[in-house]
Structures are given as structure tokens and as C-alpha cells.
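Participant: this is the structure alone, sequence omitted:
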């Protein structure tokens with residue numbers, strides 16, 4: 001049987017940055033601490049979906065970069081989606 005663990009906050013941030021590429025928000029000090037609470041319970045696949053959702057929001061506004069708010073909103077929505085799925 002294969003078991004997979006959820007990514008650490010640092011791994012989660014790497015997944016997000018990898019998915020966003022040039023669209024990623026500018027790095028800030030303690031970035032992992034800012035987003036860590038939003039990573040809880042999210043797999044790498046869920047993090048990738050959130051990153052694409054955040055990128056889509058930026059594209060819809062015709063902006064080159066994802067904002068911190070875009071990313072937090074997308075991560076929060078993925079977490080809420082998972083909670084809804086459990087019931």
C-alpha cells in the first residue's frame with residue numbers, strides 16, 4: 001500500500017511557486033508563515049488547482065502577477081471545497 005503525506009508548508013510554497021512561474025507574487029519575508037494556515041489539509045494536487053485558480057483571477061483582471069489576495073482566496077476556496085466534500 002502506498003501512502004502519501006501532505007506537503008510541509010515549505011513544500012507547499014514550492015508547489016505554488018512552481019505552478020505560478022512568472023505569475024507568482026513577489027516573494028516577501030516570512031512568506032511561508034503568511035500562507036501556512038491556508039495550506040492545512042491541501043495535497044499537492046489541491047495546491048496546484050489553487051495556484052491555477054489564482055492565476056486565472058489575475059489573467060481575468062489583465063494583470064501579469066497573482067496578488068497575495070488572489071492566492072489566499074484560491075487556497076481558502078480549495079480548503080472549503082474539501083470540507084464540503086467530507087459531508
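Facilitator: Alright, I've got the coordinates. Small disclaimer: the values here were computed from a predicted structure and weren't measured.

Participant: drop to CA atoms for contacts and neighbour counts, all remaining ones
Facilitator: Noted.

Participant: what's the strand or helix carrying residue 19 packed up against?
Facilitator: Using DSSP states H and E, the element containing residue 19 is helix 9-20. With contacts defined as 3 or more Cα pairs under 8 Å, 6 or more residues apart in numbering; DSSP states H and E, the packing partners of helix 9-20 are helix 31-39, helix 44-60.

Participant: relative to residue 77, which of those helices is closest?
Facilitator: The closest of these to residue 77 is helix 44-60. By Cα to Cα, the value is 7.9 Å.

Participant: run the angle between that closest one and helix 31-39 for me.
Facilitator: Helix 44-60 runs at 110 degrees relative to helix 31-39, counting by axes from the mean of the first three to the mean of the last three Cα atoms, to 10 degrees.

Participant: by contact count, what packs against helix 44-60?
Facilitator: Against helix 44-60 (3+ Cα pairs under 8 Å, 6+ apart) you get helix 9-20, helix 68-86.

Participant: okay if I get these as CSV plus mean neighbour count, distance to residue 28 and mean pLDDT?
Facilitator: What follows is those, written out as CSV (neighbours: other Cα atoms under 10 Å; distance: least, Cα to Cα, whole Å; pLDDT from 0 to 100):
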stretch, mean neighbour count, distance to residue 28, mean pLDDT
helix 9-20, 17, 12, 96
helix 68-86, 16, 10, 81
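
Participant: to residue 50, which of those helices lies closest?
Facilitator: Comparing the helices and strands packed on helix 44-60 by Cα to Cα, helix 68-86 comes nearest, at 4.9 Å.

Participant: circling back to that earlier point, which residues are contacting the helix holding residue 19?
Facilitator: By Cα atoms under 8 Å, 6 or more residues apart in numbering, the residues outside helix 9-20 that reach it are 24, 32, 36, 39, 44, 47-48, 51-52, 55.

Participant: and stretch 67-74, by the same measure?
Facilitator: 24-25, 35, 38, 50-51, 53-55, 57-58.

Participant: need the max-distance pair from those.
Facilitator: Taking Cα to Cα as the measure, the contacts of stretch 67-74 have their most distant pair in 38 and 58, spaced 19.1 Å apart.
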